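J.: just to be clear, the model below is a prediction. Sequence and coordinates:
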Amino acid sequence: QVQLVESGGGLVQAGDSLRLSCAASGRTFRSFALGWFRQAPGKERTFVAAVDWGGRSTYYADAVKGRFTISRDNAKNAMYLQMNSLKPEDTAVYYCASSYEGMGLPIRPDEYDYWGQGTQVTVSS
């Protein structure tokens, strides 16, 4: 069992930065691939970024590539999403998730096994 808790969301202006954190419990944390997803009102949950179990490989959605950076610290059971140059279209609830596919970079929600409760990010223009 893994429990995930996101933090760091908030209200910012376009062009600002935010850093989201995801704190995890569970001794097998380091064996999981991790990902960030987001869901805007009335829309489906979409993939943002993923990192493999060791933190060496990452993958990003085209919409955030070059602006967002995913990272993890297995010693702290934590994952992060550094978001720069935020745009109004980045407004959404952001979720962290973990996947048993530790060596991969899963991008579909159904490839993930555990989810956090989400943190709201609102970017004003």
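T.: Arrived safely, thanks for sending. Numbers count the residues shown, from 1 in each chain.
J.: find the centremost residue of this structure, please.
T.: Within the chain, the residue whose C-alpha comes closest to the C-alpha centroid is residue 36; the distance, by C-alpha atoms, centre = their mean, is 2.2 Å.
J.: poorly predicted segments of this protein, please.
T.: 27 (pLDDT under 70).
J.: residue boundaries of the strands in it?
T.: Listed in chain order, the strands of the chain (DSSP state E) span 3-7, 10-13, 18-25, 33-39, 46-51, 58-60, 68-73, 78-83, 92-99, 114-115, 119-124.
J.: just to revisit the earlier point, does the residue nearest to the centre of the chain touch residue 49 like I think?
T.: Yes - using C-beta atoms under 8 Å, residue 36 is in contact with residue 49, at 5.0 Å. In short, each C-beta sits where N, CA and C put it, glycine included.
J.: overlap of the contact sets of the two?
T.: Where contact means C-beta atoms under 8 Å, 6 or more residues apart in numbering, the residues bridging residue 36 and residue 49 through contact with each are 70, 81.
J.: hang on, the earlier thing: give me the spatial nearest neighbour of the residue nearest to the centre of the chain, chain neighbours excluded.
T.: Once its chain neighbours are removed from consideration, residue 36 has its nearest residue in residue 48; the separation is 4.2 Å (C-beta to C-beta, 6 or more residues apart in numbering).
J.: okay, and the beta partners of the closest residue to residue 94 other than its chain neighbours?
T.: Counting by C-beta to C-beta, 6+ apart, residue 94 lies nearest to residue 38, which is 4.9 Å off, once chain neighbours are set aside. When assigned by DSSP bridges, residue 38 has beta-bridge partners residue 46, residue 94.
J.: what sits against residue 38?
T.: Contacts of residue 38 were listed using C-beta under 8 Å, 6+ apart, and they are 45-46, 48, 90, 92-95, 121.
J.: can you say which of those residues are buried?
T.: Applying 16 or more other C-beta atoms under 10 Å to those, the neighbour count classes 45, 48, 90, 92-95, 121 as buried.
J.: contacting residues around stretch 72-80?
T.: Residues outside stretch 72-80 that contact it (C-beta under 8 Å, 6+ apart): 19-26, 29-30, 34, 36, 51, 53-55, 70-71, 96.
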